[in-house]
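Colleague: Following is a predicted model, sequence given first.
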Amino acid sequence: VDTVYVSIKLLTTKQVAFNITTFCEPYYGYQYMNMEYEPKKITIAGEADVISSIYTIPITIDITNAMDTKEEEIDLMEELPDNVLLNDENSTVTVRVIIEKLQIKEIAIPLNLVEEKDLAENLDLEYSQTEEPIIKIMGLEDNVKNITAKDLKPYLDLAGKKAGTHTIPIGFAMENQDFT
């Protein structure tokens, strides 16, 4: 036989990035910080009409109750849509989700710093306790380490209060919301 015939199908290739997201929340007292992954893009192949509508490869990482940085190796063949092939030397994407422990800081609130909001003109405020209340704030170390009672802007909302004994929670009008 002098001639051999073969039938081939030519596929279109395209480079696409990943759209990696997380779902759920880390364990209480921990915070999702950032995500790193390699490779950044892969080359896929398929019929032109199929891959023309693919702009990213979606991947979702579960961080339910995570208490530490999490690294996963994702098999790309499982993430590709039907009729799309991987045309890349990388068959996996390595995803590293960075989780950090939040720091707790105790802050004493001097009563002289507590603003009295909306106290009726004919009333005076007298505290039944003299010790400073202590609150706890939680956040990333850089966000909480320099926070003072004054930064929290403590206040008592006395609107509508009549003469008598009341238990009123201290409110905070802080500008920095990088902690709880």
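Modeller: Received it, and whenever you're ready, just let me know what you need. Computed from a prediction, not measured in an experiment: that's the story for all the values here.
Colleague: pull the CA atoms of the worst-scoring helix or strand of the chain on mean pLDDT into CSV?
Modeller: When each helix and strand of the chain is scored by mean pLDDT, DSSP states H and E, helix 141-144 comes last, with a mean of 90. The C-alpha coordinates for helix 141-144 follow below in CSV (Å, rounded to 0.1, in the frame of the first residue of the first chain):
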residue,chain,number,x,y,z
GLU,A,141,-3.0,41.9,65.2
ASP,A,142,-2.0,44.9,63.2
ASN,A,143,-5.6,46.2,63.4
VAL,A,144,-6.1,45.8,67.2
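Colleague: Tell me who's in contact with Glu25.
Modeller: Neighbour list for Glu25: Tyr32, Ile63, Thr64, Asn65 [criterion: C-beta atoms under 8 Å, 6 or more residues apart in numbering]. Any C-beta I mention is one placed from the backbone N, CA and C, and that applies to glycine too.
Colleague: can you list the residues that contact the longest strand seen in the chain?
Modeller: Taking DSSP state E as the criterion, the chain has its longest strand at strand 12-23. Applying C-beta under 8 Å, 6+ apart, the contact partners of strand 12-23 are 32, 35, 37, 40-48, 51-52, 54-64, 87, 93, 95, 97.
Colleague: Quick one: the helices in this structure, in order.
Modeller: 48-51, 141-144, 149-152 (DSSP state H).
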